[in-house]
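>>> sharing a sequence plus its predicted fold:
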Amino acid sequence: MAIAVEAAIEKKGTYIWGAPTFDQVRIGFDETKRAVGNYAAFNISRMVAEFPNGGRIIYRSLDNPDNARGYTADGVVMDESAYVKQEAWYEVLRPMLIDTDGWAWLVGTPKGRNWYWTEHARALDRADSNAWQVPTLGVEIVGSRLERKPHPLENPDVPFVEVEHLFRTMPERTFQQEILAQFIESSGQVFRRVMEAATAPPDAGPQAGHEYIIGVDWARDNDWTVLTVLDTTERAVVSIDRFNQIDYVVQLGRLSGAVERWRPLVVIAESNSMGQPLIDMLRRTDIPVRPFNTTNASKTAAIDALALAFEQGALRIPPDPVLISELQAYEMERLPSGLMRYSAPEGMHDDCVMSLALAWSAVGTAAGHLLL
């Protein structure tokens, strides 16, 4: 914001402020207005700030790159650049700087090694460009802990204890990208050390003195219903039942059979869509079912906890090829809002992943009280 304002005041000209969504652009617009006050005229319907000397800043969302077409710019500021479509830079914004020999500041959190990483790498080799990587707070990962390593451009208002907490509670890959601003190859991959965890023995049946949880991800036609049985005593998956294209009554029968066999402390079942009617039917029986309402927030929490379990070696799974394939292919995407979205790649399934995540979300029940 300061760079764009200084340029508009001192050098006149036209400057484009872009971001992936309108809400993010509005933040830049409001911050400029708060800083400049009455010195410039702000037109919210046109999303333009006009300065007395003729300089102006034009604010445009880049979810549709064509929103910024039609201008010649003296400078461009792009926020959350890694989440902007590459067409917005290569086909719209970069060409409008040719006539003016204009400048650009591309700012943002990394998103793997996409076009933003490419431009960052190229800038280090160009005489007319430069690139920086600035962590939220200067720290270094040493083994399983963090050490303070101050960075001259870090945020001075972020306490080290808060960053330590994030390091302990989020997957390391996510921490490296979101906090340390590192470009992580294949950063969309969620689960690490999957094969190291694939050491659980085949289904040997219930063991005396052990406690169990069942996670249920429902489906009917295209997807699969998966029942995952987790031994909370051993922290290991002991049974996976995966099936599709069968009637709901039969699905309930399969679950009843699993409950009869394993006698779980609780069954964690997804309540979205067809899940709630099935849960209502189960509640008429003696099955100890607890609903899991899948929202972006609840799903993120469950997947993050599962990813952390794999990283810390706290969970074992059987060498089931379907489960392993789903875990290794599972992806995350950081939305322009800053939230994470987790899903299977297009054309693949995530039913085993979700069933396991539901079961793991209730781990800690050995004393009989659920973490819900």
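Here it is on my side, so go on. Residues are numbered from 1 along each chain as shown.

>>> list the buried residues of the lowest-mean-pLDDT helix or strand in the chain.
None of the helices or strands of the chain scores lower by mean pLDDT, DSSP states H and E than strand 331-334, at a mean of 79. Neighbour counts over strand 331-334 (16 or more other CB atoms under 10 Å) mark 331-332, 334 as buried. To be clear about C-beta, it is placed using only N, CA and C from the backbone, and glycine gets the same treatment.

>>> please apply the same query to stretch 170-189.
Quick answer for stretch 170-189 (16+ other CB under 10 Å): 170-181, 183-184, 187-189.

>>> in helices, which of these fall?
Among the buried residues of stretch 170-189, DSSP state H puts 172-178 in helices.

>>> what about stretch 360-372, average pLDDT?
Across stretch 360-372, the average pLDDT comes to 58.

>>> which residues does the residue in the chain sticking out farthest from the centre contact?
Relative to the centre of the chain, and counting by CA atoms, centre = their mean, the farthest-placed residue is Asn53 at 43.4 Å. Remark: with contacts taken as CB atoms under 8 Å, 6 or more residues apart in numbering, Asn53 is in contact with 9, 12.

>>> and it, what pLDDT?
Taking Asn53 on its own, its pLDDT is 92.

>>> same question for the one 10 residues further on.
At Asp63, the pLDDT value in this model is 93.

>>> from Asp23, how far out is it?
Separation of Asp63 from Asp23 (CB to CB, to the nearest Å) stands at 10 Å.

>>> which of the two has more neighbours?
The residue with more neighbours, out of Asp63 and Asp23, is Asp63; 17 against 11, by other CB atoms under 10 Å.

>>> so the more buried one, which state does it fall into?
coil (DSSP: H, G, I helix; E, B strand; the rest coil).

>>> same deal with Pro291?
Going by three-state DSSP: Pro291 is strand.

>>> pull the contacting residues for it.
Listed by CB under 8 Å, 6+ apart, the contact set of Pro291 reads 269-271, 275-276, 279.

>>> and with 7 Å instead?
Taking CB atoms under 7 Å, 6 or more residues apart in numbering, we find Pro291 in contact with 269, 271, 276, 279.

>>> ditto for Glu31
Going by CB under 7 Å, 6+ apart, Glu31 touches Met1.
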